[in-house]
Structure formats: structure tokens, C-alpha cells
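Enquirer: After the sequence you'll find the predicted model.
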Amino acid sequence: MIKNNRLLITFRIFFGLLGLSAVVTEIVTLINRGIFVPANFFSFFTIESNIFAAIVLIVSAFASARGVDAKRLALYRGAATLYMVTTGIVFAVLLSGLEANILTAVPWDNTVLHYIMPVVLIVDWLIDPPKIRIAFKKALIWLIFPLVYVAYSLIRGHYVAWYPYPFLNPDTKGWLAVAITSVCIAATVVALIWLLLLATKRSEKAS
């Protein structure tokens, strides 16, 4: 666990603002190009998870600065960490072969949103683990958002003929491929939950 509280606060504020600035840069760039579609933009899991993670980082920083007991933030921090690590893994495995401009309008945004922020969230979790032990059954609540997201993407995609990611598009991959990919991602998310909680338990023993 990190001992320098001021360093931790600075770390969280810096990367929280970096994540938000990357999202804002994307929005401004797309608006300037005349291709900004809010409903589509905010339907990307990458965008949603990065906004959530940035907010959690900043709120956690202010909680630390004010000496507030951050136990209530544990579930939110865990969720943000899980979603960002999932973003990084899915991008690396399923999307890294695509041209960067297909997923992001600005190259450095791609680096921040898909590479830097996932690493930042896992580092934040490891250097300052929650003060409370989170039960695995309770942590499964983190699955709700990814499951709802997949359902939302498929239902909306059917009606607007637009899907945020190729692996969720049944028109190109087929429903079987979409189902298999979704199940594999869900299994990965469950495994990540277990690993996050395992890291917390080990940090408790070390302290």
C-alpha cells in the first residue's frame, strides 16, 4: 500500500483529468469534422468506462485529500478498475488490428483510452487497495453493467443498423460468433473479478 498520500492524490487527479481530456478531445474533434453523433459516441464501452473511471479517480483523490473514509468508494473503484482492464484486454485481443482512426479521432486519445487508463486503474487498485474486504458474491454486481451494455448494443444496433464494435455486429460475424464472443468476454470479466479480489486479499496479508 502506498504511504505518500499527497503522491496518491496527485496521481489520481492527473490521470483522472487526462482521461476526461481525451474524451473531450474526441468530442471536439468529431464536432469540428461534422461527424459527431452523440448517441453513437456515448454507446462505446471505451467512452463510458473511461468517463466513469476518471470520475472515480477524481472523487477518490478528493476523499483522500479531505481524510474522508473511502470505504464507500471500494465498490465503485472495483467496478471502474474492472471495466478499464476489460477495455484494455478486449482492445488488445479483438480490436488492436483495426486502424486507430476507426476507433478514435485522435491518435494520442487511442493511447490514453485503451492503454494508459487501464494500466492506471489497476495500479491505483494495487497501490491503495480497499480498506474493506469485498466478497466475491457481492462483487458480481459489477457484471450488471457489461451485461446490460451488450444487450443495449444488440437491441439498439438492430434498430439503427449501427454497432459500436465489429464483434457485436451479427450482420458481419453472425449471431453464433456474437454469442460465443460475448460468453468469452463474460467469462473473462468473472475471472478478472476474482483476480482483483485476490490481489486485495494478498495486500491485506502483506500489510
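Expert: Received the coordinates, thanks. Nothing here was measured: the structure is a model prediction, and the numbers come from that model.
Enquirer: Any regions of the protein where pLDDT drops low?
Expert: Low-confidence segments of the chain, defined by pLDDT under 70: 1-4, 69-70, 99-103, 201-207.
Enquirer: ok now the longest helix seen in the chain, how far from the chain's centre?
Expert: When secondary structure is assigned using DSSP state H, the longest helix within the chain turns out to be helix 175-206. Here the centre of helix 175-206 is set off from its chain's centre by 13 Å, with C-alpha atoms, centre = their mean, to the nearest Å.
Enquirer: Which positions in that helix come out as buried?
Expert: Neighbour counts over helix 175-206 (16 or more other C-beta atoms under 10 Å) mark V178, T181, S182, I185, T188, V189, L192, I193, L196, L197, T200, S203 as buried. C-beta: built from backbone N, CA, C; applies to glycine.
Enquirer: same deal with stretch 130-147?
Expert: P130, I134, A139, W142, F145, P146.
Enquirer: Next, format these as a markdown table and append distance to I116 and secondary structure.
Expert: Output for those, formatted as a markdown table (distance: C-beta to C-beta, whole Å; DSSP: H, G, I helix; E, B strand; the rest coil):
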| residue | distance to I116 | secondary structure |
| --- | --- | --- |
| P130 | 23 | coil |
| I134 | 25 | coil |
| A139 | 25 | helix |
| W142 | 22 | helix |
| F145 | 22 | helix |
| P146 | 21 | helix |
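Enquirer: Include distance to V112 when you put the residues you listed into JSON lines, please.
Expert: As requested, the buried residues of stretch 130-147 are exported to JSON lines (distance: C-beta to C-beta, whole Å):
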{"residue": "P130", "distance to V112": "25"}
{"residue": "I134", "distance to V112": "28"}
{"residue": "A139", "distance to V112": "27"}
{"residue": "W142", "distance to V112": "23"}
{"residue": "F145", "distance to V112": "21"}
{"residue": "P146", "distance to V112": "21"}
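Enquirer: Pull up the gap between the most centrally placed residue in the chain and A53, please.
Expert: Ranked by distance to the mean C-alpha position of the chain (C-alpha atoms, centre = their mean), the top residue is M84 at 2.6 Å. Using C-beta to C-beta, to the nearest Å, one gets 5 Å for the distance from M84 to A53.
Enquirer: repeat for A65
Expert: Separation of A65 from A53 (C-beta to C-beta): 19 Å.
Enquirer: The two: who's more crowded?
Expert: Legend: neighbour count by other C-beta atoms under 10 Å for A65 and A53, higher for A53 (29 against 15).
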